[in-house]
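Asks: attaching a predicted model along with its sequence, questions to come.
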Amino acid sequence: MKIEIKISQDLETILESQKIRNEVFVQEQGIPLELDLDSRDNISYHTLAYAGKQAVGVGRLALTDKNDAVLARIAVQKEFRSFGIASKIVKASLLQAEKLNISKVDIYPHEYLKGFYESFGFIYIEESEVVGNHQLIKMEKILRN
């Protein structure tokens, strides 16, 4: 399956990202909508994965005031999982962070994804909050000192 990656901050990309996140996080995982729509979309870079002309996956790189970023909202539509799309989204988002000279990227994934993110060089820091029924953990990757 050929997957194209697009990274943007434009309104069309934000709306497409929110649509996929709603499907995966709100409808499928039961996470409250207000937790997903946290007002950081306008200050973020959105990575969209396309299978043909259809957006099937998303990730969000939210910039912070300290020249750091938070990689979050990584989601792939159910029928497109197991094709390595999430990996492509993470790699593209980390490359974007490097291009922006970001020092450190934090991520707060579900606990069961710890090994997946370690494969990209993220280091486990601690348990974080519970969202819905999902235990989150904090991980970080230092890009430059």
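Replies: Thanks, I have it.
Asks: okay, CA-based contacts and neighbour counts for the rest of this
Replies: Noted.
Asks: name the helix or strand of the chain that has the lowest mean pLDDT.
Replies: Sorted by mean pLDDT, DSSP states H and E, the helices and strands of the chain end with helix 33-36, the least confident at a mean of 78.
Asks: how about residues contacting stretch 47-61?
Replies: With contacts defined as CA atoms under 8 Å, 6 or more residues apart in numbering, stretch 47-61 is touched by 1-8, 13, 16-17, 20-21, 41, 44-46, 69-77, 80, 85-86, 88-90, 92-93, 97.
Asks: now, which of these lie within helices?
Replies: Secondary-structure check on these using DSSP state H: residues within helices are 13, 16-17, 20-21, 85-86, 88-90, 92-93, 97.
Asks: select only the buried ones of the contacts of stretch 47-61 in PyMOL?
Replies: Selecting in PyMOL just the buried members of these, where the criterion is 16 or more other CA atoms under 10 Å, is done with this command:
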select buried, resi 3+4+5+7+13+16+17+20+21+41+44+45+46+69+70+71+72+73+74+75+76+77+85+86+88+89+90+92+93+97
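Asks: if we can go back for a sec, extract the C-alpha set from the least confident helix or strand of the chain and format it as PDB.
Replies: Taking Å, rounded to 0.1, in the frame of the first residue of the first chain, the C-alpha atoms of helix 33-36 are listed here in PDB:
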ATOM      1  CA  LEU A  33     -14.500  15.200  22.600                       C
ATOM      2  CA  GLU A  34     -13.500  18.200  24.800                       C
ATOM      3  CA  LEU A  35     -10.200  16.400  25.600                       C
ATOM      4  CA  ASP A  36      -9.300  16.100  22.000                       C
END
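Asks: next one: stretch 122-138 to chain centre, how far?
Replies: Its chain's C-alpha centre lies 14 Å from the corresponding centre of stretch 122-138 when counted by CA atoms, centre = their mean, to the nearest Å.
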